[in-house]
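Undergrad: got a sequence here, can you build the structure:
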Amino acid sequence: MSAPGWAIVTGASSGIGKALAFEFAKGGFHLFLTGRNETALAKVAAECSKEFHVHTEVFPADLSRFDSIDKLITALTSKSRSYEVLVNNAGFGIHGDFASSDIDQELQLLNVQLAAAMKLTKAVLPFMIANRRGKILNVSSVYGFAPVPYQSVYSACKAFLLSFSTSLRNELDGTGVTVTVFCPGITQSEFRTRAGIAVRNKNSGMTALDAAHIAYTETMRGKDIVVPGFSNRLFAFTSRLLPSASFAKVIKLINRRRGLSD
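TA: Numbers count the residues shown, from 1 in each chain. Presented below is the predicted three-dimensional model:
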């Protein structure tokens, strides 16, 4: 078996993305890391290179901008490399009443979560198919299984990723390329802080390290849909049992109590 090639990880400066960078480096993959925080990316790259003796490259990019996405793709495709893994992890959260929320911020979320993931996948997929091997990991959420009032745009993006990943996986059957969609719940990371969600218990939810380890392991196994943790699997299971309108009412009540309607 030939040596591993390169893994592309978006949103790699913190949280699950950072932890995934370490997981793939530990697996012997060279790393192409992107995110908005160049200093943090450089630190992750240096630590991975030192600990696991892999090559790394950092490319700062604001994936909420189309021109930045295109520059990232040019940087990727201009190199003669074997990209064997694509991790579409970059994202951020928005909460609140849609009628009074910031439409520009929501459109930026669509770019980060959807446009960037689609464009990057489109860019590397032909090479993976030609090489008859490759793995794509799309980071969705348990919120991809259900409508989520007061996080309507965020949950809709995650539902898109879930559907897109499952559809694409079936299209690629027999090509040697697999698509895994990872659907975590609450994770201990900077994500909730950036989204403006009050954190009552910093120890609630799974750690980013644990989440990333599960995502990496199941991606390498070629699993299709990964929901880590019993409570998250229960959420996904229940959301499919109840009528979507009824389940949305329950989530609406929960999110109001969490203060996400503000």
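
Undergrad: and the longest helix seen in the chain, what does it pack onto?
TA: Longest helix of the chain, by residue count under DSSP state H: helix 152-171. The contact analysis (3 or more CB pairs under 8 Å, 6 or more residues apart in numbering; DSSP states H and E) places helix 152-171 against helix 103-110, helix 116-131, strand 134-139, strand 177-182, strand 225-226. Every residue, glycine included, has its C-beta placed from N, CA and C.

Undergrad: what's in contact with the last one?
TA: Under the criterion CB atoms under 8 Å, 6 or more residues apart in numbering, residues 162, 165-166, 180-183, 214-215, 218-219 lie in contact with strand 225-226.

Undergrad: one more time with 7 Å, if that's ok
TA: Residues outside strand 225-226 that contact it (CB atoms under 7 Å, 6 or more residues apart in numbering): 166, 180-183, 214-215, 218.

Undergrad: how about the first one?
TA: Residues outside helix 103-110 that contact it (CB under 7 Å, 6+ apart) are 64, 92, 94, 153-154, 157.

Undergrad: between those, which sits nearest Val139?
TA: Set against Val139, the nearest of the contacts of helix 103-110 by CB to CB is Cys157 (11.0 Å).

Undergrad: ok, which of the helices and strands packed on helix 152-171 comes nearest Ser78?
TA: It is, among the helices and strands packed on helix 152-171 and with distance given as CB to CB, helix 116-131, at 11.2 Å.

Undergrad: show me what that closest one is packed up against.
TA: Secondary-structure packing of helix 116-131 (3 or more CB pairs under 7 Å, 6 or more residues apart in numbering; DSSP states H and E): helix 66-77, strand 83-88, strand 134-139.

Undergrad: and the second one, which strands flank it?
TA: Strand 83-88 has these partner strands in its sheet, going by DSSP bridges: strand 6-10 (parallel), strand 134-139 (parallel).

Undergrad: could I get the CA-only coordinates of stretch 173-189 as PDB?
TA: Extracted C-alpha coordinates of stretch 173-189, given in PDB (Å, rounded to 0.1, in the frame of the first residue of the first chain):
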ATOM      1  CA  ASP A 173     -20.300   3.800  -5.300                       C
ATOM      2  CA  GLY A 174     -17.700   1.700  -6.900                       C
ATOM      3  CA  THR A 175     -15.200   4.500  -7.500                       C
ATOM      4  CA  GLY A 176     -13.000   3.900  -4.500                       C
ATOM      5  CA  VAL A 177     -14.100   7.300  -3.000                       C
ATOM      6  CA  THR A 178     -16.200   7.400   0.100                       C
ATOM      7  CA  VAL A 179     -18.200  10.200   1.700                       C
ATOM      8  CA  THR A 180     -18.800  10.400   5.400                       C
ATOM      9  CA  VAL A 181     -21.000  12.900   7.100                       C
ATOM     10  CA  PHE A 182     -20.300  13.600  10.800                       C
ATOM     11  CA  CYS A 183     -23.200  14.800  12.900                       C
ATOM     12  CA  PRO A 184     -22.100  15.900  16.400                       C
ATOM     13  CA  GLY A 185     -24.200  17.600  19.000                       C
ATOM     14  CA  ILE A 186     -22.900  20.000  21.700                       C
ATOM     15  CA  THR A 187     -19.100  20.100  21.600                       C
ATOM     16  CA  GLN A 188     -16.700  21.700  24.000                       C
ATOM     17  CA  SER A 189     -15.100  24.300  21.700                       C
END
